[in-house]
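Novice: Here is my input, please return the structure:
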Amino acid sequence: MTSSHTFHRERLLQARAELLQRMAEERGGLVSRADMAAKHDVRDFENRAQAISERDDEFAMNEHETAELGAFEQALTRLDAGQYGQCKDCGATIPEARLAVHPAALRCIACQTTFEKTH
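Specialist: Now for the predicted structure:
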């Protein structure tokens, strides 16, 4: 295993650990966001809109975090396969500066921009 491989693995594992810690703190421990959302009482007409909004926010945050966690797992798989740091779309090397900011990046900036415009 090269020092670059080890460096990227440690950075990905650290970022994943930080995400898991943040998720646990935001959920208040072992209670999932789905459980928290279910506790919102939407029967009270005055509080219904707020409760629905809070519930929807909790579900959206859960989906985002789950996707982010999956991205770290995929990046670790690409690392083990020797494909980490290669753009999924064009095959170019993703710059270290981009990987430093977004360790699970799938695409170079140009391809990511194109992807976001079309999706």
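
Novice: gap between Asp89 and Phe115?
Specialist: Here the criterion is Cβ to Cβ, to the nearest Å. By it, Asp89 lies 7 Å from Phe115. Quick note: C-beta positions are derived from backbone N, CA and C, even for glycine.

Novice: who touches both of the two?
Specialist: Common neighbours of Asp89 and Phe115, counting by Cβ atoms under 8 Å, 6 or more residues apart in numbering, are Arg107.

Novice: Near Tyr84, how many other residues are there?
Specialist: Neighbours of Tyr84 under the rule other Cβ atoms under 10 Å: 22.

Novice: need the helices for this structure, in chain order.
Specialist: Using DSSP state H, the helices found in the chain span residues 3-26, 33-38, 45-80, 96-101, 109-118.

Novice: Check those for me: which has the lowest mean pLDDT.
Specialist: Ranked by mean pLDDT, those end with helix 33-38 in last place, scoring a mean of 55.

Novice: Now do the same contact list for the closest residue to Ala71 other than its chain neighbours.
Specialist: Closest residue in space to Ala71, ignoring its immediate chain neighbours: Ala104 at 4.0 Å, by Cβ to Cβ, 6 or more residues apart in numbering. Applying Cβ under 8 Å, 6+ apart to Ala104 gives the contacts Leu12, Ala15, Glu68, Ala71, Phe72, Gln74, Ala75.

Novice: Go ahead and confirm the last one touches Gln86.
Specialist: Meaning Ala75. No: between Ala75 and Gln86 there is no contact under Cβ atoms under 8 Å: 11.4 Å.

Novice: Please produce TSV containing the helices of the chain, extended by mean neighbour count.
Specialist: Shown next, in TSV, are these (neighbours: other Cβ atoms under 10 Å):
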stretch	mean neighbour count
helix 3-26	13
helix 33-38	15
helix 45-80	14
helix 96-101	12
helix 109-118	12
